[in-house]
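Participant: what's the 3D shape of this:
(one chain, ligands or ions: 1)
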Amino acid sequence: MDPFIELDRVEKVFDVRRKTGFLKRERRQVRAVDGISFTVAPGEMVGYIGPNGAGKSTTIKMLTGILTPSGGRLRVAGIDPSRERTRLAHRIGVVFGQRTTLWWDLPLIDSYKLMHRMYRIPDARYRENLDRCVELLELADLLDVPVRQLSLGQRMRGDIAAALLHDPEVLYLDEPTIGLDVMSKAKVRGFLRELNSERGTTVLLTTHDLQDIEQLCSRVMVIDHGRMMYDGPLTGLHEVGESERTLVVDLERELGPIEIPDARVVKVEGPRQWLAFPASGSAAPLVARIAAEYPLVDLSVREPDIEAVIAKMLHSLGDSPKSPPEQAEEAVS
Ligand SMILES: Nc1ncnc2c1ncn2[C@@H]1O[C@H](COP(=O)(O)OP(=O)(O)OP(=O)(O)O)[C@@H](O)[C@H]1O
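Facilitator: Predicted structure coming up:
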């Protein structure tokens, strides 16, 4: 099957001018994306993560055609985004968690009506997509509410619906769960999973929330300083970085540190103990063992945060990307 998204040694260099004195300016180049190559197959759900300033948004902007690459080759659905931005717009959907594409002062439904016209969506398809989004994203009571009065979670669901009314084949999501409470996150993730499995929509997801990746993506790409550092499953990312999850165990009473294989006690506070174990492994056998050998009252698992996982991975890799050979090649300008 042909890839839906194709990047071959793509670069983006920004020219930045800075005032350094009266009539004096310094020119500097920022290499935001530095020779990135990857492909995404139709129907894949891929996480695209990295530290602040790594080049994630710049990549997404090139994929939508907002920015033109300085070098390399980029295609989405066989289209060169920066040359045929309007044609591509009918095939992609974009959600930026920190900004809205909805009209601030208008009721939600009016934004959808405007998009119906802008994208020239056939009436029957618009109706069907709108009904589906309203039902699955629980928007019925919000349609007549002006966007500025919606909560962050409500607005996000409204934005996701807006991005899907024209049936895009690929959805770019930039921080879709940022600032949402647990329930809203679950709703958004559930909806995205269903969209992907039922409609086969390709999803490229940028996030700082590891659980977004864990629950949605079978593959994750990590970039740093505009270069691809890792491309593979999330478990592999944990292995490279040797990241750890934490079991928080409440016992009936204060006891000495719990002793079980494959986990080590990192903190004890009265009857509560914290045990670290490899994030690439399963918590189930550890839980079973503790339950069998200790007077267990309660237990929870804490995930490492994504910044910690990425930092450990980048540290363990040094400067050498863990990726297929073509991704390790130097950028060609
Ligand atoms: N329009 C621009 N002009 C100059 N430099 C830019 C421009 N846009 C981005 N950059 C620079 O390019 C680099 C990559 O920025 P980008 O926004 O792509 O990172 P990011 O991975 O999305 O970061 P974050 O997680 O903080 O959103 C940064 O050094 C940024 O300052």
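
Participant: what's around the nearest residue in space to I178 that is not next to it in sequence, how many residues?
Facilitator: In this structure, I178 finds its nearest non-sequential neighbour in G97, 4.3 Å apart by Cβ to Cβ, 6 or more residues apart in numbering. Yep, even glycine has a C-beta here, placed from its N, CA and C like the rest. Taking other Cβ atoms under 10 Å as the criterion, the count of residues near G97 is 22.

Participant: S197 now?
Facilitator: When neighbours are defined as other Cβ under 10 Å, S197 has 11 of them.

Participant: Tell me where the stretch 101-250 of the chain has helices.
Facilitator: With DSSP state H, counting those that start in this stretch as the criterion, the stretch 101-250 of the chain has helices at 108-118, 123-136, 152-164, 182-199, 210-216, 234-241.

Participant: What confidence value was assigned to the residue nearest to I178?
Facilitator: On the pLDDT scale, G97 is placed at 77.

Participant: Okay, now the unreliable bits of this protein?
Facilitator: Residue ranges of the chain with pLDDT under 70: 317-333.

Participant: do that again at 50, thanks
Facilitator: For the chain, the stretches with pLDDT under 50 are 323-333.

Participant: Does the ligand have contacts with stretch 80-100?
Facilitator: No - using Cβ under 6 Å from any ligand atom, stretch 80-100 stays clear of the ligand, coming no nearer than 8.6 Å.

Participant: which bits of the stretch 1-150 of the chain sit near the ligand?
Facilitator: Counting by Cβ under 6 Å from any ligand atom, the stretch 1-150 of the chain sits next to the ligand at F14, V16, V30, A32, G50, N52, G53, A54, G55, K56, S57, T58.

Participant: So which of those residues sit within helices?
Facilitator: When DSSP state H defines the helices, the subset of those inside them is K56, S57, T58.

Participant: The second one: neighbour count?
Facilitator: Taking other Cβ under 10 Å as the neighbour definition, S57 ends up with a count of 18.

Participant: before we move on, the earlier item: return the residues in contact with the residue nearest to I178.
Facilitator: M156, L173, D174, E175, P176, T177, I178, G179 (Cβ atoms under 8 Å, 6 or more residues apart in numbering).

Participant: The same query, at a cut-off of 10 Å, please.
Facilitator: When contacts are counted by Cβ atoms under 10 Å, 6 or more residues apart in numbering, G97 touches 152, 155-156, 159-160, 173-180, 188, 206-208.

Participant: circling back: could the residues of the stretch 1-150 of the chain next to the ligand be laid out in CSV, adding distance to M115?
Facilitator: Formatted as CSV, these follow (distance: Cβ to Cβ, whole Å):
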residue, distance to M115
F14, 31
V16, 35
V30, 34
A32, 30
G50, 31
N52, 31
G53, 32
A54, 31
G55, 29
K56, 26
S57, 23
T58, 26
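
Participant: buried subset of these?
Facilitator: The neighbour-count test (16 or more other Cβ atoms under 10 Å) marks A32, G50, A54, G55, K56, S57, T58 as buried among those.

Participant: and which of the residues you listed is nearest P304?
Facilitator: G50 (16.0 Å; Cβ to Cβ).

Participant: Does that closest one touch D231 like I think?
Facilitator: No - judged on Cβ atoms under 10 Å, G50 makes no contact with D231 at a distance of 11.9 Å.

Participant: list residues touching both of those two?
Facilitator: M221, V222, I223.

Participant: What about these, which one has the most neighbours?
Facilitator: For these, the largest neighbour count, defined by other Cβ under 10 Å, is 29 neighbours, found at V222.

Participant: ok, that residue - contacts?
Facilitator: Contacts of V222 by Cβ under 10 Å, 6+ apart are 47-51, 54, 56, 228-232, 237, 240-241, 306, 309-310, 313-314, 317, 321-323.
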